[in-house]
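Undergrad: Build me a structure from this.
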Amino acid sequence: MQYLIDASVYIFRAYYSMPEDMVDADGNPVNALYGFCRFLGDFMEQVNPEYMAVLFDESQSASYRAEIYPEYKANRDPAPPELIRQFGQCRRFARALGVLEWGSPRYEADDLIGTLVHHGRTQNRASTIVTRDKDLAQLLSTDDIFWDFAGKGKIAYEQVSGVFGVRPEQIADFLALAGDAVDNIKGVPGVGKKTATVLLENFGSLDGIYDNLGRVHEINVRGAKTLGDKLDKHREDALLARKLTGILCDAPIDDAEIAMQRSVPKLGDINALFDEANIGTALRRQAERIADLSRD
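TA: Predicted coordinates for the structure are as follows:
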C-alpha cells in the first residue's frame with residue numbers, strides 16, 4: 001500500500017484552526033507549519049508507511065485547467081503571503097522527514113496524486129489517498145482507500161456511493177453536470193445535485209446521458225419533461241466542465257524520480273527548520289520517534 005497526502009487540505013485547515021499568534025522570532029506566522037507538522041507526524045507514527053508521498057499545489061493561474069477555462073477558480077481569493085511562506089516550509093519539513101514531496105506549476109496536487117495512483121498500479125501497489133476532498137474519490141479502484149484522516153475516516157471503493165451519492169467512476173461526471181462552486185465550474189444550468197445523481201443512476205455516465213437524450217423525460221425527477229432540452233442546449237458547457245472535473249493520471253515525471261519509499265529523516269534539517277520557526281520540543285521528539293521507526 002502507498003499513501004498519498006493531499007497537503008493543501010491540511011495546511012489550510014491548520015492555518016485557519018491554529019492560533020494566529022504562533023510566530024517565529026521575526027514575527028512571521030508559523031501556525032500552518034506547526035499544524036501541518038503535527039498532522040504529518042501523527043499520521044506517520046500511526047501508520048508507519050513504507051511508501052508515501054506528499055503532494056502540493058503551486059499555482060492555480062498557471063495550471064492547464066486555467067488555460068482551458070480562464071474562470072477556473074477565479075472566485076477564490078489569493079493565498080495571503082504569510083501562508084505562501086509557510087507552504088514552502090511545509091515542503092521543507094516533508095523532505096526532511098525522508099518523504100517524497102512533489103508540486104507542479106501546471107498540474108494540481110489532484111493530478112499528481114492521480115499520476116502516482118496510476119504508477120502504483122504498475123507496481124502492484126494499491127493507494128490510500130489521504131484528503132478531505134471528495135473529488136479525489138474518483139481515482140479509487142476496488143483495492144484503494146479514501147481516508148479523511150481525523151474526519152470521516154476510511155472510505156473503501158464500495159462505500160463511496162453511500163457517502164458521496166455516486167460511484168467513484170461517476171464523480172467527475174456528477175460535478176460536470178451539477179457544477180462545483182468551490183472551483184467556479186458552472187455545469188449545466190438547472191441541473192442540481194439530486195437531478196445529476198438520478199441521471200447517472202439511469203444512464204451511467206455523461207456520455208450515456210447524451211447518448212439517450214430522447215429518454216431523459218422518462219426519469220423520475222422534477223422538470224424531467226424539459227431536462228433533455230436543457231442538457232442539449234448546454235452540451236458544450238457540460239463537456240467543458242468534464243475536462244475540468246476529471247483528474248489526470250499522466251502528469252509528466254521521470255519514473256526514476258518517483259521514489260516513494262521512505263528514507264531516514266534528517267533530524268538536523270528538521271531541527272534547523274524548527275529553530276527558524278521557534279518550534280519547541282514536542283514536535284522534535286516526535287521526529288526522533290519517526291526516525292527510530294524508519295530504522296526498524
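
Undergrad: What helices and strands are in contact with the helix or strand harbouring residue 174?
TA: In the assignment (DSSP states H and E), residue 174 maps to helix 171-178. In terms of contacts (3 or more C-beta pairs under 8 Å, 6 or more residues apart in numbering; DSSP states H and E), helix 171-178 is packed against helix 193-203, helix 206-211, helix 235-245. Using the backbone N, CA and C atoms, a C-beta is placed for each residue, glycine as well.

Undergrad: out of those helices, which comes closest to residue 266?
TA: helix 235-245 (38.6 Å; C-beta to C-beta).

Undergrad: separation between residue 6 and residue 103?
TA: 12 Å (C-beta to C-beta, to the nearest Å).

Undergrad: wait, residue 83
TA: Residue 83 is 15 Å from residue 103, by C-beta to C-beta.

Undergrad: List the contacts of residue 279.
TA: Each residue near residue 279 by C-beta atoms under 8 Å, 6 or more residues apart in numbering is listed here: 30, 33-34, 37, 273.

Undergrad: swap the cut-off to 7 Å and go again
TA: If you count contacts by C-beta atoms under 7 Å, 6 or more residues apart in numbering, residue 279 has them with 30, 34.

Undergrad: Wasn't it part of a helix?
TA: No - using DSSP: H, G, I helix; E, B strand; the rest coil, the secondary structure at residue 279 is coil, not a helix.

Undergrad: Model confidence score at it, please.
TA: We note a pLDDT of 94 for residue 279 in this prediction.

Undergrad: Check the gap between it and residue 21 for me.
TA: Counting by C-beta to C-beta, the gap from residue 279 to residue 21 is 14 Å.

Undergrad: With residue 205 instead?
TA: Distance of residue 205 to residue 21, given as C-beta to C-beta: 50 Å.

Undergrad: More neighbours: which of these two?
TA: Taking other C-beta atoms under 10 Å, residue 205 and residue 21 do not tie; residue 205 has more neighbours (16 against 7).

Undergrad: wait, doesn't the more buried one sit right on residue 172?
TA: No - assessed by C-beta atoms under 7 Å, residue 205 is found out of contact with residue 172, at 9.5 Å.

Undergrad: what's the angle between the least confident helix or strand in the chain by mean pLDDT and helix 193-203?
TA: When each helix and strand of the chain is scored by mean pLDDT, DSSP states H and E, helix 224-233 comes last, with a mean of 88. With axes from the mean of the first three to the mean of the last three C-alpha atoms, to 10 degrees applied, the angle from helix 224-233 to helix 193-203 works out at 90 degrees.

Undergrad: circling back to that earlier point, can you add distance to residue 261, mean pLDDT and mean neighbour count and give the helices and strands packed on helix 171-178 back as TSV?
TA: Below are those laid out as TSV (distance: least, C-beta to C-beta, whole Å; pLDDT from 0 to 100; neighbours: other C-beta atoms under 10 Å):
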stretch	distance to residue 261	mean pLDDT	mean neighbour count
helix 193-203	38	94	19
helix 206-211	38	95	17
helix 235-245	32	95	18
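
Undergrad: Out of those, flag the one nearest residue 87.
TA: Comparing the helices and strands packed on helix 171-178 by C-beta to C-beta, helix 235-245 comes nearest, at 23.3 Å.

Undergrad: Show me what that closest one is packed up against.
TA: Counting contacts by 3 or more C-beta pairs under 7 Å, 6 or more residues apart in numbering; DSSP states H and E, helix 235-245 is packed against helix 64-68, helix 171-178, helix 206-211.

Undergrad: mind listing the strands for the stretch 51-200 of the chain?
TA: Secondary structure of the stretch 51-200 of the chain, counting by DSSP state E, counting those that start in this stretch: strands at 51-57, 100-104, 127-130, 145-148, 153-156.

Undergrad: Make a markdown table out of those strands and add mean neighbour count.
TA: A markdown table is the format used below for the strands of the stretch 51-200 of the chain (neighbours: other C-beta atoms under 10 Å):
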| stretch | mean neighbour count |
| --- | --- |
| strand 51-57 | 24 |
| strand 100-104 | 20 |
| strand 127-130 | 26 |
| strand 145-148 | 21 |
| strand 153-156 | 14 |
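
Undergrad: Count the neighbours of residue 272 for me.
TA: The local packing of residue 272 (other C-beta under 10 Å) involves 13 other residues.

Undergrad: ok, now how distant is it from residue 265?
TA: 13 Å.

Undergrad: What of residue 219?
TA: For residue 219, the distance to residue 265 - C-beta to C-beta - is 55 Å.
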